[in-house]
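In: One predicted model, sequence on top.
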Amino acid sequence: MALKLGVNSINKLYLGSAAINKAYLGAGILFSGGGAVPFSPASLYTSNDQGFVVDAYATSSLWQDDAGTIPATAHDDPVALWRDHSGSTNGVDHSTAVLADRPKLQIVGNRRTILSDGISDKLASVTRDFTGKDVFTACFAIRSLDTNGNTNPVWAAHYNNDGLRIIYAPQLTFPVRFQIDNNGTEFIDAPSPTYDPPLDMVIIVEGDIPSGTLKLWIDGTLVASETGVSFNPDWQTGVSRLFGDEDTFAKVEIARGMEISRGLTASEFTDLLNWGQAGLDGTGVTNVFTPASLFEGGQQGLLFEPER
């Protein structure tokens with residue numbers, strides 16, 4: 001909303017000698033004079049969108065137990081529940097009830113990631129139904145760690161039999177790859193070099209199932225694309241798994257990840273890429289308070305925020 005005096009837009013407001021950064025009317029921004037609001041992938045979702053957002057910087061989303069009663073806040077805390085941060089009513093959490101399968105929160109300086117051991121660590125969602133959702137985007141900001149030649153499934157979605165949509169991190173002999181069939185024979189691969197670990201990267205996959213189109217991006221560069229891909233017909237249902245599929249596991253760190261049941265505009269794609277990169281750079285924002293949260297019950301009022 002633009003605040004105007006007559007026909008002229010107001011670029012600055014002051015409370016005494018203090019410049020006001022933002023003013024709210026209820027939950028809406030009445031005036032913003034302090035630059036762009038930081039991007040959140042939750043802004044991409046409507047209540048109808050399937051998917052999830054996982055973010056190691058969203059401290060309220062990390063729990064040591066699958067019931068969500070013990071927060072995971074310190075370095076090496078186990079993570080049994082990684083709550084969805086999308087805000088969508090169709091979003092899903094990822095969890096495990098097996099103590100030995102819990103990955104660990106890593107805090108190194110300002111950088112936050114969730115680390116899997118490559119042996120048994122894995123978090124899974126409930127079964128989802130994507131019927132009628134024929135376009136998808138997935139993004140994972142990771143550090144690949146496996147140098148032993150093991151398969152490296154960062155994310156397995158709509159899993160039936162041997163896997164339907166799986167993002168693999170690179171390892172000793174294989175590049176970044178995306179699998180789309182049950183038999184493990186249909187892949188779209190990044191070209192050589194194989195991105196030898198350890199290495200940070202933001203992997204984005206875009207898919208249009210009716211047209212059979214796939215695009216694979218690494219750090220904003222389109223490294224592989226294919227049209228005429230034959231997706232497994234059972235792709236619509238199944239669970240989502242982080243750090244593994246049914247019986248293979250990745251040695252990786254995930255800083256941020258998301259899936260959404262639609263394609264993105266060019267500007268949304270750039271915002272998503274930068275969001276993932278900020279997670280790897282240690283510049284992700286944690287626990288950002290917004291005054292809009294004060295008005296969630298429908299209260300009315302004005303709130304002014306002095307410029308910092």
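Out: Everything's here; your move.
In: count of neighbours near Thr213?
Out: 15 (other Cβ atoms under 10 Å). (Each C-beta comes from the backbone N, C-alpha and C, glycine too.)
In: Ser47 too?
Out: The burial count for Ser47: 9, using other Cβ under 10 Å.
In: Name whatever forms a beta bridge with Pro78.
Out: Beta bridges link Pro78 to Lys104, judged by DSSP bridges.
In: How many residues are close by it?
Out: 19.
In: ok, it - contacts?
Out: Gln64, Ala72, Leu99, Arg102, Pro103, Lys104, Leu105 (Cβ atoms under 8 Å, 6 or more residues apart in numbering).
In: What does the pLDDT read for it?
Out: Pro78 carries a pLDDT value of 98.
In: Asn48 now?
Out: 78.
In: pretty sure it is in contact with Asn90, am I right?
Out: Yes: here Asn48 reaches Asn90: they are 6.9 Å apart, a contact under Cβ atoms under 8 Å.
In: between these two, which one's more packed in?
Out: Taking neighbours as other Cβ under 10 Å, Asn48 and Asn90 compare with Asn90 leading, 19 against 11.
In: What is the neighbour count of the residue lying closest to that one once chain neighbours are set aside?
Out: Nearest residue to Asn90 in three dimensions, chain neighbours excluded: Gln50, at 4.7 Å (Cβ to Cβ, 6 or more residues apart in numbering). By the criterion of other Cβ under 10 Å, Gln50 has 22 neighbours.
In: where does Gly282 fall, phi/psi-wise?
Out: phi 80, psi 20 (degrees, to the nearest 10).
In: Could you do Trp217 as well?
Out: When read as degrees, to the nearest 10, the backbone of Trp217 gives phi -120, psi 140.
In: Tell me who's in contact with it.
Out: Val202, Ile203, Ile204, Val205, Glu206, Val223, Leu273.
In: can you list those in CSV and add pLDDT?
Out: CSV is the format used below for the contacts of Trp217 (pLDDT from 0 to 100):
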residue, pLDDT
Val202, 97
Ile203, 97
Ile204, 97
Val205, 96
Glu206, 95
Val223, 95
Leu273, 97
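In: can you pick the most crowded of those residues?
Out: Ranking those using other Cβ under 10 Å puts Ile203 first, with 28 neighbours.
In: contacting residues around the closest residue to that one other than its chain neighbours?
Out: Computed as Cβ to Cβ, 6+ apart, the closest residue to Ile203 that is not its neighbour in sequence is Phe140, at 5.1 Å. By Cβ under 8 Å, 6+ apart, the contact set of Phe140 is Val154, Trp155, Ile167, Val202, Ile203, Ile254, Arg256, Gly257, Met258, Gly276.
In: Okay, and which of the contacts of Trp217 map to helices?
Out: Of the positions in the contacts of Trp217, Leu273 sit in helices, assigned by DSSP state H.
In: Gly68 contacts Leu81, doesn't it?
Out: Yes: the pair Gly68 and Leu81 qualifies as a contact (Cβ under 8 Å) at a distance of 5.2 Å.
In: residue ranges of the helices in the stretch 151-300 of the chain, please?
Out: Taking DSSP state H, counting those that start in this stretch to define them, one finds helices in the stretch 151-300 of the chain at 266-281.
In: can you give me the strands in it?
Out: All strands of the stretch 151-300 of the chain, identified by DSSP state E, counting those that start in this stretch, fall at 153-157, 165-168, 177-179, 187-189, 199-208, 213-218, 221-226, 237-238, 240-242, 252-260.
In: what about dumping the CA coordinates of the last one to PDB?
Out: Only the C-alpha atoms of strand 252-260 are listed here, as PDB (Å, rounded to 0.1, in the frame of the first residue of the first chain):
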ATOM      1  CA  VAL A 252      24.900 -34.200   3.700                       C
ATOM      2  CA  GLU A 253      24.000 -31.000   5.500                       C
ATOM      3  CA  ILE A 254      20.700 -29.300   4.600                       C
ATOM      4  CA  ALA A 255      20.500 -25.600   5.400                       C
ATOM      5  CA  ARG A 256      17.200 -25.000   3.700                       C
ATOM      6  CA  GLY A 257      14.800 -26.800   1.400                       C
ATOM      7  CA  MET A 258      11.400 -26.500  -0.100                       C
ATOM      8  CA  GLU A 259       8.900 -28.100  -2.500                       C
ATOM      9  CA  ILE A 260       5.900 -26.400  -4.000                       C
END
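In: Now the closest residue to Val92 other than its chain neighbours: phi and psi?
Out: Of all residues not flanking Val92 in the chain, Ser125 sits nearest, at 4.0 Å (Cβ to Cβ, 6+ apart). Here is the backbone geometry of Ser125 (degrees, to the nearest 10): phi -100, psi 180.
In: Distance of Ser125 relative to Val205?
Out: Using Cβ to Cβ, to the nearest Å, Ser125 is found at 18 Å from Val205.
In: related to what we said a few turns ago, does the residue nearest to Asn90 touch Arg128 like I think?
Out: Yes: using Cβ under 8 Å, Gln50 is in contact with Arg128, at 6.3 Å.
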